[in-house]
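Peer 1: could you look at this predicted model? Sequence included:
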Amino acid sequence: MIAEKRFTLNFKYWDKNMKSISSLLKSAPPTTAQKAKLLANKVRELEEIEKRKFIAFVDDGPDSFDVAITLSADAKSVATHTCDCDDGEGFCAHQYAVMSKIKDGPSESADSITIKKLRKKKLTEVEIILDEVSDTDLRSWLQAELAVNKELEFKFKSAFIKTETRLTAREFDEKCAEIIKTTMGKRKTIDPSLLPRILDLVNIVIESGASVFSTHLVSNESYELQVAIGSFHAELQYMLKKTTTRIVTNYKRITEKIGAHILLLSSSDQIKYFHSFAKYLDQGGKNIHFAFQQFIDLLSNLSDEVLVETLSTFSTYKSAFSKLEQTTLISLLDEVEKRDLFSKTSDFFETKRYENAYNLRLMSLLLKAGKYKKVISFCAKAVKENHHAIYSIPYLKLMIPALEAAGEQDEVIDAKFKLFKAQPTYENYMSTKNSNLSADQEEALENEFYKFQLTPNTANYQNLLDLKFNVWMNSERETDVIRKMSSSLTAVFTALPFLPRLYEVDKTQLLKKIIEAIDKSQYSEYEKDDVDALVDFVTSNYSKDDLAPYVRHSFYFGIKNVLFRSFGLIK
């Protein structure tokens, strides 16, 4: 007698050696290794639910344990591992059994493969008994068991009732209550080992009445059942008192099947479905986000017409929008932009407080679509509410072109002043200066410029160097620049583009400032190009006699050492 066992794994990163997992299996304690070997044939429903994350059931006597194994990024070792048996913090026999299946599963070249295991098997004791027992005795025993074993009754009906019925939400709730009562007994919380049995029975109930989704999908009957299924899974997670992916995975499978039925509808029926489902949820005081999430999950497979009409429907329900996460909203924006549908759907999108990445993405699309008033209104509000000026910078950068396009010149100048104060760069300074300023505004800009003080050893000093040098060098006050320069390498490196002009102003004072800056300075790899440029400038423009006065010691460090050696002033 030949028994077959099949399961499907999806691999795109498999390393055939799996050295670390092999080492783990070899290092298992003898007793545990022996048990794991026996349990290997009891591993079922091995699945890769996420990239490198596997789950499986391991049947161990009357119990079934939920095992999860997550491989490392390179798929060569185990990153995390859990099992419901709670057998200490190390690896248990159930986990070793699953790891052996993962290790031995795929072939070298397959990305998505079905593995088939064949083994010869003798008739079991149960099979022998079934051959010997009479039909009358078997029927009598089965009837007695079905009368007291609800779990067996559910499975029996599922296997032998051939006519499908339309399951109602009330029937689903009643049957789930029976399942919980039957499997839990007097327990107040669900034992994790019972979870697979509970979910198996719930799935049987759903499958037995699944015709409602194929024949009456667009109906309150369908919506009620969907809400009941979602509520049960949420309640089950609460009752478990322990984090597990099993419940989420099971619910996802159910919603994917419902989603497949939705995609079989015509575009007009899909629009009707989402509209009536949202209306049902809203009138019943239920969370409308349930329907919207279903729409998001199917988004890439829906037509432009369905996308536009459904977003129009959801735009009337503010609660649907408020529950969406930033990543979901950005993905939705990406989809409507890719399809060139933003102008038709922009009324749905609103700004969300504290979600800057989404808000800025939305503002950029509104600006591109010519919705200048919306951009100006929201950006002005964001700038006002931000207590720290630095957070206003991206909003001001979007607000300025919107104001320019709207022809609001006074507001443009005001926004540019705010941007310069928040981000004092030479680019922002010149943008403000070239905005047809009045005499008073030019004076105000100069005053703002001189308010920024160059204070060494601060982040402000680093940010302002480029601004100060550019303004000084372009305002015909070069004689003040050398004097104002700090005697630091940062200041000298920032001044590199201006050194030829400063040399013409006062080459002696410039050399003195350079020597002060490089005195006892050490090499730094990330500054090497600047160091080379500085040494080249000095050797190209100064003589040995110019540098001789600065040779006062017998030992020199870093840049100064290189510079003096190049002139032959030290050995």
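Peer 2: Okay, I see it.
Peer 1: distance of residue 548 relative to residue 503?
Peer 2: In this view, residue 548 and residue 503 are 19 Å apart by Cβ to Cβ, to the nearest Å. Heads up, the C-betas are built off the backbone N, CA and C, glycines and all.
Peer 1: neighbour count winner among the two?
Peer 2: residue 503 (16 against 11; other Cβ atoms under 10 Å).
Peer 1: show me the contacts for that one.
Peer 2: 510, 541 (Cβ atoms under 8 Å, 6 or more residues apart in numbering).
Peer 1: check the gap between the spatially closest residue to residue 44 that is not a sequence neighbour and residue 430 for me.
Peer 2: Nearest residue to residue 44, sequence neighbours excluded (Cβ to Cβ, 6 or more residues apart in numbering): residue 57, at 5.1 Å. Distance, residue 57 to residue 430, using Cβ to Cβ: 68 Å.
Peer 1: tell me which of these two has more neighbours.
Peer 2: Taking neighbours as other Cβ under 10 Å, residue 57 and residue 430 compare with residue 57 leading, 23 against 15.
Peer 1: give the contact list for the more buried one.
Peer 2: Residue 57 neighbours (Cβ under 8 Å, 6+ apart): 43-45, 64-67, 196.
Peer 1: hang on, isn't residue 365 packed against residue 342?
Peer 2: Yes - taking contacts as Cβ atoms under 8 Å, residue 365 lies within contact range of residue 342: 5.3 Å.
Peer 1: mutual contacts of those two, please.
Peer 2: residue 333.
Peer 1: rewinding a little: so which of the contacts of residue 57 sit within helices?
Peer 2: residue 196 (DSSP state H).
Peer 1: now, the contacts of residue 57 that are in strands?
Peer 2: 43-45, 64-67 (DSSP state E).
Peer 1: now the buried members of these.
Peer 2: 43, 64-67 (16 or more other Cβ atoms under 10 Å).
Peer 1: pick out the most distant pair among those residues.
Peer 2: 43 and 66 (11.9 Å; Cβ to Cβ).
Peer 1: would you point out which residue is most central in the chain?
Peer 2: Nearest to the geometric centre of the chain sits residue 327, at 7.1 Å (Cα atoms, centre = their mean).
Peer 1: okay, it and residue 417: tell me how far apart.
Peer 2: Where residue 417 is concerned, residue 327 sits at a distance of 35 Å (Cβ to Cβ).
Peer 1: kindly report the same for residue 73.
Peer 2: 48 Å.
Peer 1: which of those two has more residues huddled nearby?
Peer 2: Taking other Cβ under 10 Å, residue 73 and residue 417 do not tie; residue 417 has more neighbours (19 against 10).
Peer 1: name the element that one belongs to?
Peer 2: helix 409-422 (DSSP states H and E).
Peer 1: what helices or strands is that helix leaning on?
Peer 2: Counting contacts by 3 or more Cβ pairs under 8 Å, 6 or more residues apart in numbering; DSSP states H and E, helix 409-422 packs against helix 393-405, helix 426-433, helix 439-451.
Peer 1: which residue ranges form the strands in the stretch 151-300 of the chain?
Peer 2: Secondary structure of the stretch 151-300 of the chain (DSSP state E, counting those that start in this stretch): no strands located.
Peer 1: residue ranges with poor pLDDT in the stretch 101-250 of the chain?
Peer 2: 105-123, 158-159, 161-164 (pLDDT under 70).
Peer 1: any idea how far the residue nearest to the centre of the chain is from residue 336?
Peer 2: 15 Å.
Peer 1: residue 264 now?
Peer 2: With the distance defined as Cβ to Cβ, residue 264 ends up 24 Å from residue 336.
Peer 1: returning to that earlier point: which of the buried ones among the ones in strands among the contacts of residue 57 sits closest to residue 79?
Peer 2: Closest to residue 79, out of all of these and judged by Cβ to Cβ, is residue 67, at 14.5 Å.
Peer 1: if we can go back for a sec, wait, a helix at the residue nearest to residue 44?
Peer 2: No - applying DSSP: H, G, I helix; E, B strand; the rest coil, one finds residue 57 to be strand, outside a helix.
Peer 1: pretty sure residue 357 is touching residue 330, no?
Peer 2: Yes - Residue 357 lies in contact with residue 330 (Cβ under 8 Å); the separation is 6.6 Å.
Peer 1: which of those two has more neighbours?
Peer 2: residue 330 (15 against 12).
Peer 1: element containing the more buried one?
Peer 2: helix 326-338.
Peer 1: packing partners for that helix?
Peer 2: With contacts taken as 3+ Cβ pairs under 8 Å, 6+ apart, helix 326-338 sits against helix 289-298, helix 304-314, helix 342-345, helix 356-368.
Peer 1: least confident of the ones you listed, on average?
Peer 2: Among these, helix 289-298 carries the lowest mean pLDDT, a mean of 89.
Peer 1: measure the nearest residue to residue 433 once chain neighbours are set aside to residue 437 for me?
Peer 2: Leaving aside its chain neighbours, residue 433 sits nearest to residue 445 (6.1 Å; criterion: Cβ to Cβ, 6+ apart). Using Cβ to Cβ, residue 445 is found at 7 Å from residue 437.
Peer 1: swap in residue 255?
Peer 2: From residue 255 over to residue 437 (counting by Cβ to Cβ), the distance is 60 Å.
Peer 1: do the same with residue 197
Peer 2: Residue 197 is 77 Å from residue 437, by Cβ to Cβ.
Peer 1: over to residue 248?
Peer 2: Relative to residue 437, and taking Cβ to Cβ, residue 248 is found at 59 Å.
Peer 1: who has more neighbours, those two?
Peer 2: Comparing residue 248 with residue 437 by other Cβ under 10 Å, the one with more neighbours is residue 437, at 16 against 13.
Peer 1: how far away is residue 202 from residue 157?
Peer 2: The spacing between residue 202 and residue 157, counted by Cβ to Cβ, is 14 Å.
Peer 1: which one of those two is surrounded by more residues?
Peer 2: Shown here are residue 202 and residue 157; by other Cβ under 10 Å, residue 202 has more neighbours (23 against 13).
Peer 1: was I right to think the more buried one contacts residue 176?
Peer 2: Yes - judged on Cβ under 8 Å, residue 202 makes contact with residue 176 at a distance of 6.1 Å.
Peer 1: identify the contacts common to the two.
Peer 2: Common neighbours of residue 202 and residue 176 (Cβ under 8 Å, 6+ apart) are residue 232.
Peer 1: would you list the phi and psi of the residue nearest to residue 227 when sequence neighbours are not counted?
Peer 2: Take residue 227 and drop its neighbours on the chain: the residue closest to it by Cβ to Cβ, 6+ apart is residue 286, 6.2 Å away. Dihedral pair for residue 286: phi -100, psi 170, per degrees, to the nearest 10.
Peer 1: what is the burial count for residue 286?
Peer 2: 16.
Peer 1: relative to residue 321, how far out is it?
Peer 2: For residue 286, the distance to residue 321 - Cβ to Cβ - is 16 Å.
Peer 1: do residue 165 as well
Peer 2: Residue 165 is 38 Å from residue 321, by Cβ to Cβ.
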